[in-house]
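Asks: Here's a sequence, model it:
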Amino acid sequence: MIHTYSGETIRFEITYKKRTSIGLSMDQYGNIEVLAPKGTSDERVLQVIEEKWDLIQEKLSEIKDKLHGPKEKVYEYGETFLYLGNAYPIQISQDENIQQDHVMFDGEKLRIYVKQLDDEKIKQALKRFYYQQCKTIVEKSIQSYQGNFKVKPRSIRISDSKTTWGTCNAKQQLTFNWKLAMAPLKVIEYVVVHEMCHMVHLNHDRSFWRLVGKIMPRYKEQEKWLAVSSWKMTV
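Replies: Residues are numbered from 1 along each chain as shown. Next up, the predicted model:
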C-alpha cells in the first residue's frame, strides 16, 4: 500500500494477525510492515501511520544515510567533522613558523593550523586533537564515576581500535577508542561506565548489566546513538 502525507510518500505492507493493537516494524533497508489485528480497517491503519509519521520519516532518513555510507572527507574549508556529537566546519590556516600542526576548537569551528597544506598532515592533526580530547574526557569521566567502584583502573590508554569502543582486561587496564571524542559526552560516559563495570564483572552477565543500569539507568539511549551514528565518526 502507498500513502502520502505532509508532502511525503511511503510504501508499506499490512499483515493481519491475532493481536490487540497495531504495530509497525522497519527492516534495515527501510521496508515498513504494519502488523494489525484481523478486521482492522484501512482507515484505522492510515490513522496510526499518520500519528507516527515524524518518527517513521526520522528512521527512514537514518537508514538512507547509513546505506549511503560515509562520504569521503575533503580537507578544505567548510567540510564538517563530529566533535562531542555535533558537526563543526573546519578552517585551515597555514603557518610555517608553528612548532607542530594542531587543532583548536573555538565553539563554532575546528581551527586547523598546519605548516603545509597537505591532506594527510591535516588528517593527522585532527587525529591528534581527537586523541588528546578523548584522553582528557575519559580521565575526567573516570574520576566522576569512581565513587561507584571499590577498585580503580590500573592504567588508561587511548587506542586506534577498528572493532571496539573500549576494553577492560583482568588487570583492570582500560583502553578507549580515540573516535569517542566525536560522540556526545553522555555516550563517552556510558562507554567509560561500561568498561569500569568490567573491572567488577568481566563478562556481560546479568550482574554486569544490573551494575551498568544502576549507575546509568538510561544507558540504552547511548547504545542506540552508537548503533545509529557511529558510521559518521570518521576523519
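Asks: So in this protein, where's the weakest helix or strand by average pLDDT?
Replies: helix 53-68 (a mean of 80; mean pLDDT, DSSP states H and E).
Asks: elements contacting the longest helix along the chain?
Replies: Secondary structure of the chain per DSSP state H: the longest helix is helix 119-145. Helices and strands touching helix 119-145, by 3 or more Cβ pairs under 8 Å, 6 or more residues apart in numbering; DSSP states H and E, are strand 80-83, strand 86-94, strand 102-105, strand 110-114, strand 155-159, strand 173-177, helix 185-197. Bear in mind the C-beta positions are built from the backbone N, C-alpha and C, glycine included.
Asks: tell me the angle that helix makes with strand 155-159.
Replies: In terms of direction (axes from the mean of the first three to the mean of the last three Cα atoms, to 10 degrees), helix 119-145 departs from strand 155-159 by 150 degrees.
Asks: Between strand 110-114 and helix 119-145, find me the angle.
Replies: Using the same axes, to 10 degrees: helix 119-145 against strand 110-114 is 130 degrees.
Asks: and Phe176, what are its bridge partners?
Replies: Taking DSSP bridges as the rule, Phe176 bridges to Ile158, Gly166.
Asks: Tell me which helix or strand the residue positioned nearest the centre of the chain sits in.
Replies: Relative to the mean C-alpha position of the chain, the nearest C-alpha, by Cα atoms, centre = their mean, is the one of Leu226, at 3.0 Å. Assigned by DSSP states H and E, Leu226 belongs to helix 219-229.
Asks: With only the CA atoms kept, save the least confident helix or strand of the chain in CSV.
Replies: The C-alpha trace of helix 53-68 is given here as CSV (Å, rounded to 0.1, in the frame of the first residue of the first chain):
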residue,chain,number,x,y,z
TRP,A,53,4.7,9.9,10.7
ASP,A,54,7.5,12.0,12.1
LEU,A,55,9.1,9.0,13.7
ILE,A,56,8.8,7.0,10.5
GLN,A,57,10.5,9.8,8.5
GLU,A,58,13.2,10.1,11.0
LYS,A,59,14.0,6.4,10.9
LEU,A,60,13.9,6.3,7.1
SER,A,61,16.3,9.3,7.0
GLU,A,62,18.7,7.5,9.3
ILE,A,63,18.6,4.3,7.2
LYS,A,64,19.1,6.2,4.0
ASP,A,65,22.2,8.0,5.4
LYS,A,66,23.6,4.7,6.7
LEU,A,67,23.1,2.9,3.5
HIS,A,68,24.9,5.6,1.5
